[in-house]
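A.B. asks: Let's see this in three dimensions:
(chains A and B)
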Amino acid sequence: MKAVIQIIIEQINSFYLILRLSSFELKSENNNNYLGILWEVINPMIQIGIYWFVFGTIRGSHRMVDGVPFVQWLLAGIVVWFFVYQGILHGSKSVYTRIRMIAKMSFPMSAIPSFVIISKFYQHLILVGIIVIIFQFMGQFVSIHYIMLPYFMFATIALIFSFSLITSTLSTIIRDVQMVVQSLLRVLIYMTPILWTMEGVKGWVRDILVLNPLWYIVDGYRASLLGTSWYPVTHWHYTIYFWAVILVFMLIGSVVHVKFRDRFVDFL
Amino acid sequence: MTESVIVQNVSKRYKMYAKPSEKILDLVLPGGYGEDFFALRDVSFTASQGDVIGIIGVNGSGKSTLSNIISGVVPPTFGTVESVGQTSLIAIQSGLNNELTGRENIELKCLMLGFKKRDIKKLEPEIIEFADIGKFIDQPVKKYSSGMKSRLGFAISVTVNPDILVIDEALSVGDQTFADKCLNKMNQFKEAGKTIFFISHSIGQVKNFCAKALWLEYGEVRDYGTIEKVIPEYESFLSDFKKMTAKEKKAYKDEVLKKQSGFYLKPQST
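C.D. replies: Here you go, the predicted structure:
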């Protein structure tokens, strides 16, 4: 628990630093392209288009899910997936790709995954903005439920950060962990009801799938953007479960991070 | 004079693995696994404020490892390093981000060194003036020549006004005028009572610039003292070493290798 508090204090103290570093991160990643930062949005938009085509148009288009058209249901869920995917992927390799440059600097190592994740969060914000605009044309107007969005964005960042804290440490020590994370992410999109609906899934399969904390986030985004329910309240037991998972991730992550961070350089 | 850097019984052990699987074993087994290699063994010395210390030794004697340990990049395996004030390491690979412009790199580095926004605004023009790379300051660093990179790296490192400066072969890249400029700056530091560690293969530069010398031989301190005392010994060692026959050289190297694998070292605890 002491390690967790230490990590959280470090995050708060280096807040300005994390913001500045994340903007540099964004710049240095996209400096080579003429369209620059625009690619951060174009890429996911293309993917959304493909999923829309495959899972929406080809496989029966005018389905309704929970009282909303499938397309809207898909968009509201997938928008957060790109953030989770990018955040975990880059967060996990953040430490070992930067440690050389950063080792001699006087700032906490735990800020490395955070600034990488925050740099992906900007992209997420723009994407959410685009989706919201699209929804206005589809007749899905801004509602009072939107006030849940900041809460779910925070929950997503908490999930990505606590998970990356574990994987960024492990992948520095054993590089293969990054490969494991990559395959895990490929599986995760199909293990979460993002592209398909849960209607046909019942019994023990559902009980297992619901353990995935990403489900909470995806459903929460849908509830906020589509205004279907006050999700964190109506599913309060799931809310408690989600934050318990985050706490466990944070505990494991902080302990391994604090234990190994002085020796990160030795593992290169 | 007050002591600024106290290095006590510092050893640095690296593991050599024959296969990647041995690395896993080393992590899992409580006693560790793999062949030891001691880059530094039981190094102790003290530096005072205003000292300019040249670190000399042949290749593989642990100069760069020591400089990394003093500046806190790499933690020592055993022993302690105490330093008073901020340490700044200047190496050829200056740790600049290749995709960002020089100006952005300045802000990035200063931020990571813990400077506030206001201080960085003040420092930036000074750094740009010292680096003196003209319009290139707004170009991405990947377009820089190696000289320009080291100039920018050096400019940032000296302008942030560290208390302890570690220079690892960094002057060998710049041209004569820039080297002179750096030497001037370092003389100012010397007068201001800062501690400077200067690592160079050029005995001439060490003689000119340093007052003390630390002679490392295969990870151990062979000698530490004034330039007048250490440098002649080092020079005579070098000429003796050159004169050795191939057989003698090999015998000497074997002995050294045995030492570095921890043969004579009793088990220590941290």
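A.B. asks: In the stretch 51-200 of chain A, where is pLDDT below threshold?
C.D. replies: Applying pLDDT under 70 to the stretch 51-200 of chain A picks out residues A:56, A:58-62, A:103-106.
A.B. asks: how about the helices in it?
C.D. replies: Under the criterion DSSP state H, counting those that start in this stretch, the stretch 51-200 of chain A contains helices at A:70-102, A:111-138, A:149-173, A:176-191.
A.B. asks: could I get those helices as JSON lines with distance to chain B and mean neighbour count?
C.D. replies: In this view, the C-beta of every residue, glycine as well, is placed from N, C-alpha and C. Formatted as JSON lines, these follow (distance: least, CB to the nearest CB, whole Å; neighbours: other CB atoms under 10 Å in any protein chain shown):
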{"stretch": "helix A:70-102", "distance to chain B": "4", "mean neighbour count": "22"}
{"stretch": "helix A:111-138", "distance to chain B": "9", "mean neighbour count": "19"}
{"stretch": "helix A:149-173", "distance to chain B": "7", "mean neighbour count": "22"}
{"stretch": "helix A:176-191", "distance to chain B": "9", "mean neighbour count": "14"}
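A.B. asks: between these, which gets nearest to residue B:39?
C.D. replies: Comparing the helices of the stretch 51-200 of chain A against residue B:39 with CB to CB, the closest turns out to be helix A:70-102 (17.6 Å).
A.B. asks: Could you list every helix and strand that that closest one packs against?
C.D. replies: Under the contact definition 3 or more CB pairs under 8 Å, 6 or more residues apart in numbering or on different chains; DSSP states H and E, helix A:70-102 sits against helix A:39-51, helix A:111-138, helix A:149-173, helix A:176-191, helix A:213-226.
A.B. asks: I'd like those as TSV, with distance to residue A:254 appended.
C.D. replies: Formatted as TSV, the helices and strands packed on helix A:70-102 follow (distance: least, CB to CB, whole Å):
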stretch	distance to residue A:254
helix A:39-51	30
helix A:111-138	12
helix A:149-173	7
helix A:176-191	17
helix A:213-226	18
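A.B. asks: For residue A:13, find the nearest of the ones you listed.
C.D. replies: Closest to residue A:13 of the helices and strands packed on helix A:70-102 is helix A:111-138 (CB to CB; 9.0 Å).
A.B. asks: Could you list the low-pLDDT ranges of the stretch 151-270 of chain B?
C.D. replies: In the stretch 151-270 of chain B, residues with pLDDT under 70: B:170-174, B:262-270.
A.B. asks: For residue A:131, see how far away residue A:48 is.
C.D. replies: Counting by CB to CB, to the nearest Å, the separation of residue A:48 from residue A:131 is 9 Å.
A.B. asks: Which positions in the stretch 101-250 of chain B make contact with chain A?
C.D. replies: Proximity of the stretch 101-250 of chain B to chain A (CB under 8 Å from any CB of the partner chain) is limited to residues B:104, B:107-109, B:111-114, B:117, B:140.
A.B. asks: Closest one of the residues you listed to chain A?
C.D. replies: Set against chain A, the nearest of these by CB to the nearest CB is residue B:112 (3.9 Å).
A.B. asks: sorry, back to before: spit out the residues that contact residue A:48 and residue A:131 alike.
C.D. replies: The contact sets of residue A:48 and residue A:131 overlap at A:75, A:79 (CB atoms under 8 Å, 6 or more residues apart in numbering or on different chains).
A.B. asks: OK, contacts around residue A:116?
C.D. replies: Going by CB under 8 Å, 6+ apart, residue A:116 touches A:22, A:25, A:87, A:90-91, A:94, A:164.
A.B. asks: can I get those in TSV with distance to residue B:35?
C.D. replies: Formatted as TSV, the contacts of residue A:116 follow (distance: CB to CB, whole Å):
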residue	distance to residue B:35
A:22	42
A:25	39
A:87	40
A:90	35
A:91	35
A:94	31
A:164	34
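A.B. asks: returning to that earlier point: tell me the one among the residues of the stretch 101-250 of chain B next to chain A nearest to residue B:233.
C.D. replies: Closest approach to residue B:233 among those (CB to CB): residue B:113, at 38.1 Å.
A.B. asks: backbone phi and psi for that closest one, please?
C.D. replies: Residue B:113 adopts backbone torsions of phi -80, psi 0, taken as degrees, to the nearest 10.
A.B. asks: Might one say that it is in contact with residue B:161?
C.D. replies: No: counting by CB atoms under 8 Å, residue B:113 stays clear of residue B:161, with 10.4 Å between them.
A.B. asks: Checking the residue nearest to residue B:6 when sequence neighbours are not counted next. Helix, strand or coil?
C.D. replies: Nearest residue to residue B:6 in three dimensions, chain neighbours excluded: residue B:82, at 4.5 Å (CB to CB, 6 or more residues apart in numbering or on different chains). Using DSSP: H, G, I helix; E, B strand; the rest coil, the structure places residue B:82 in strand.
A.B. asks: now residue A:122: how far from residue B:97?
C.D. replies: For residue A:122 relative to residue B:97 (CB to CB), the value is 18 Å.
A.B. asks: Buried ones in stretch A:23-36, by neighbour count?
C.D. replies: Using 16 or more other CB atoms under 10 Å in any protein chain shown as the test for burial, stretch A:23-36 gives A:24-31.
A.B. asks: Just checking, which of those residues comes out lowest on pLDDT?
C.D. replies: Of all these, residue A:31 carries the smallest pLDDT score, 71.
A.B. asks: hang on, isn't it packed against residue B:97?
C.D. replies: No: counting by CB under 8 Å, residue A:31 does not reach residue B:97; the two are 9.9 Å apart.
A.B. asks: could I get stretch A:229-236 in PDB with only the CA atoms?
C.D. replies: The C-alpha coordinates for stretch A:229-236 follow below in PDB (Å, rounded to 0.1, in the frame of the first residue of the first chain):
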ATOM      1  CA  SER A 229     -28.800   4.400 -18.300                       C
ATOM      2  CA  TRP A 230     -27.000   5.800 -15.300                       C
ATOM      3  CA  TYR A 231     -24.600   3.000 -15.500                       C
ATOM      4  CA  PRO A 232     -22.300   3.400 -12.500                       C
ATOM      5  CA  VAL A 233     -25.300   3.700 -10.200                       C
ATOM      6  CA  THR A 234     -27.600   1.100 -11.700                       C
ATOM      7  CA  HIS A 235     -24.700  -1.400 -11.900                       C
ATOM      8  CA  TRP A 236     -23.100  -0.300  -8.600                       C
END
